[in-house]
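Engineer: Build the 3D model from these lines:
(2 chains)
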Amino acid sequence: DQQVKQNSPSLSVQEGRISILNCDYTNSMFDYFLWYKKYPAEGPTFLISISSIKDKNEDGRFTVFLNKSAKHLSLHIVPSQPGDSAVYFCAASAYPFNKFYFGSGTKLNVKP
Amino acid sequence: DTGVSQDPRHKITKRGQNVTFRCDPISEHNRLYWYRQTLGQGPEFLTYFQNEAQLEKSRLLSDRFSAERPKGSFSTLEIQRTEQGDSAMYLCASSRDGANTGELFFGEGSRLTVL
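Structural biologist: Predicted coordinates:
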């Protein structure tokens, strides 16, 4: 049961431009959403999160937007840097957060 | 290093053998999760411990899989009678109750290859 979907397996952007990664979910009970970044041969690392009571959360170059009616969230990276090149996973959960569902990931390539 | 550590990092085994993976979470973290990841896919939930109690277990987890977390510290994941389909990266993650519950800290994973 694929409750979290990332439909773009890859994305390529030029350094300095905006990267927009998208994620859709099906379970309306989800109330907590996260983005993780993963480099090769490493475990995923937490990037940014948002609860369902908000529609935007910003942390430096990273902003996550949540559209509950569309069951859609997106991650914006501005400006994109070559070091941002990695696989990005979105994840979702419902209280009490005993289980997190992950998308299949989007591989971002930021070209110098 | 105070991160999540997993051992072994790589395991190659023959079909039918048993394997065990160990995870040492961050010391103050009471929540511990096991995930499995195959190529091109995101992490897939296997099981969740709160302290020593196993509170959640995936329906996908067959009876060949068992996990423990004695004393609420380290955890082990055992796979009995391994099959080729068990080949994957097994990820452990930990977190703690509070405002940042969802910020899972992952280990580097244990890669299993079943021949």
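Engineer: For burial, what's the neighbour tally of the closest residue in space to residue B:113 that isn't next to it in sequence?
Structural biologist: Leaving aside its chain neighbours, residue B:113 sits nearest to residue B:12 (4.6 Å; criterion: Cβ to Cβ, 6 or more residues apart in numbering or on different chains). For every residue, glycine as well, the C-beta is placed using N, CA and C. Neighbourhood size, residue B:12 [other Cβ atoms under 10 Å in any protein chain shown]: 12.
Engineer: Same question for the one 3 residues further on.
Structural biologist: For residue B:15, the number of neighbouring residues by other Cβ under 10 Å comes to 12.
Engineer: Can you read off the pLDDT for the spatially most central residue of chain B?
Structural biologist: In chain B, the residue lying closest to the centroid (Cα atoms, centre = their mean) is residue B:34, at 3.2 Å. Per-residue pLDDT puts residue B:34 at 97.
Engineer: so it makes contact with residue B:89?
Structural biologist: No - counting by Cβ atoms under 8 Å, residue B:34 sits too far from residue B:89 to count as a contact (11.4 Å).
Engineer: quick one on the thing from earlier: what helix or strand is the residue nearest to residue B:113 located in?
Structural biologist: Secondary structure assigned from DSSP states H and E places residue B:12 in strand B:10-13.
Engineer: For the residue nearest to residue A:44 when sequence neighbours are not counted, which residues are in contact?
Structural biologist: Closest residue to residue A:44 apart from its sequence neighbours, by Cβ to Cβ, 6+ apart: residue A:36 at 3.9 Å. By Cβ atoms under 8 Å, 6 or more residues apart in numbering or on different chains, the contact set of residue A:36 is A:44, A:45, A:46, A:47, A:88, A:89, A:90, A:91, A:102, B:104, B:106.
Engineer: what sits against the closest residue to residue B:66 other than its chain neighbours?
Structural biologist: Of all residues not flanking residue B:66 in the chain, residue B:78 sits nearest, at 5.1 Å (Cβ to Cβ, 6+ apart). By Cβ under 8 Å, 6+ apart, the residues touching residue B:78 are B:18, B:19, B:20, B:21, B:65, B:66, B:67.
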